[in-house]
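*Asks:* Could you work out the structure for the sequence below:
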Amino acid sequence: MTPLETHAKVSRVRTFVDGLDEKMEGGIPRGNVVLLAGEPGSLKSTVAFHMAYQNAVKENRRALYVTMEQSRESLLQNMEGVGMRPEAVADKLSIVDIGHIRRSLNVLGTKSWLEILKSFAQNVKESQGYDILVIDSLPVLETLSTFDNPRNELFHFFEWMRGLEVTSLLITETHPGEGYGEYGEDYLADGIIHLMMSKVNEETIQRRVRVVKMRSSNHSSNLFSLLLEKGSLRIARVITT
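*Replies:* Numbering: from 1, shown residues only. Prediction:
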C-alpha cells in the first residue's frame, strides 16, 4: 500500500468548512491534536465551535468545548449571532466554563488549572463520552497554570490528550511574524490550521486560512479566503487586488 493510499484510509473528522476538508483528504485524522492558530478577529472560536456543532448535527458525534476566556453565556450568544443554534445539540455538545467550575468547587484546594481541566475532561469522557475536545484557549491555560517546566509539562499534556483518543482542537493566539507558541507547541501538535487577517488594499481586510501541518494527510498548504455566510463557513480563492 502506498503512503497516499494509507492516508486515504485514515479515519477522519470533518471541519465542515466547505472546501477545506477536501484539501486534507477528507478532514482531520481522528485522534490528532491540532492547533487552531490566529490573530484576533480571525474566527478561531467560530471555526472550532462550528466544527463541534456540525459534527453533532450531521455525524451524531459528541463534543466538549472548554472555554477559559469568555463565559459560557457569552460564547453561546456569539455563536447564535453567526447563525448556529447550540440548544439544538445541547445533548451532544457540552460547553463548560472552567473558571466557573473552579470558583464553585472549593474542595479543589491547591489544584492547578491544568489539573482541574484534565480531571474534568477525563470525568466527562468516562461518564458521557465525546469525540471532539476544544480548549479555548491554550495561552490562557499556560498563563493560569504557571508551569515550572513549560516544555516538559506541555509535552505530557499533549500526550494526555492523545490518550483520550479524541480529536482535539487547541485555540492559540498568533501575531504577524510570530510562530505558534514559545514552548514548542508547533512541534508537539499533529496539525496546525492558521487563520489570519490579510490586508488586500487600503480598504479591504480579508480572512484567510492555511493548513500549515497535518500529520497522516497529503494536504494543500495553499492560502484560501475564509468566508462566513449565514452560519456557514467556506473557503474560496484569495482576493489579491
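
*Asks:* Residue 37: what's it in contact with?
*Replies:* Applying C-beta atoms under 8 Å, 6 or more residues apart in numbering to residue 37 gives the contacts 44, 171-174, 180, 192-195. C-beta coordinates here come from the backbone N, C-alpha and C atoms, glycine included.

*Asks:* actually residue 130, not the one I typed
*Replies:* Residue 130 neighbours (C-beta under 8 Å, 6+ apart): 61-64, 94, 124, 166.

*Asks:* Which two among those are spaced furthest apart?
*Replies:* Spatially, the most separated pair among the contacts of residue 130 is 61 and 124, at 14.3 Å (C-beta to C-beta).

*Asks:* So for those two, which sits in the more crowded spot?
*Replies:* residue 61 (22 against 17; other C-beta atoms under 10 Å).

*Asks:* need the helix or strand of the protein with the lowest average pLDDT.
*Replies:* helix 3-8 (a mean of 50; mean pLDDT, DSSP states H and E).

*Asks:* Can you name the element that comes right after that one?
*Replies:* Sequence order places strand 12-13 as the next helix or strand after helix 3-8, per DSSP states H and E.

*Asks:* who does the next helix or strand after that following strand pair up with?
*Replies:* Next in sequence after strand 12-13, counting helices and strands by DSSP H and E, comes strand 28-29. Paired with strand 28-29 in the same sheet, following DSSP bridges, are strand 12-13 (antiparallel).

*Asks:* Quick one: mean pLDDT over the partner strand.
*Replies:* Across strand 12-13, the average pLDDT comes to 98.

*Asks:* Ok, stretch 71-86 next?
*Replies:* pLDDT averaged over stretch 71-86 gives 93.

*Asks:* repeat for stretch 23-41
*Replies:* When pLDDT is averaged over stretch 23-41, the result is 97.

*Asks:* Now do the helices in this protein.
*Replies:* For the chain, the helices defined by DSSP state H cover 3-8, 44-59, 72-81, 98-104, 113-127, 138-145, 150-163, 185-188.

*Asks:* Looking at the ones you listed, which one is packed in the most?
*Replies:* Comparing those by mean neighbour count (mean count of other C-beta atoms under 10 Å), helix 44-59 ranks first with a mean of 22.

*Asks:* how many neighbours does residue 71 have?
*Replies:* Residue 71 has 13 neighbours, counted by other C-beta under 10 Å.

*Asks:* Grab the nearest non-local neighbour of it.
*Replies:* Once flanking residues are discounted, residue 71 sits nearest to residue 97: 5.5 Å by C-beta to C-beta, 6 or more residues apart in numbering.

*Asks:* hang on, the earlier thing: need the contacts of residue 37 in a markdown table with pLDDT and distance to residue 221, can you?
*Replies:* Formatted as a markdown table, the contacts of residue 37 follow (pLDDT from 0 to 100; distance: C-beta to C-beta, whole Å):
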| residue | pLDDT | distance to residue 221 |
| --- | --- | --- |
| 44 | 97 | 19 |
| 171 | 97 | 21 |
| 172 | 96 | 19 |
| 173 | 94 | 21 |
| 174 | 91 | 16 |
| 180 | 89 | 15 |
| 192 | 98 | 10 |
| 193 | 98 | 11 |
| 194 | 97 | 10 |
| 195 | 97 | 14 |
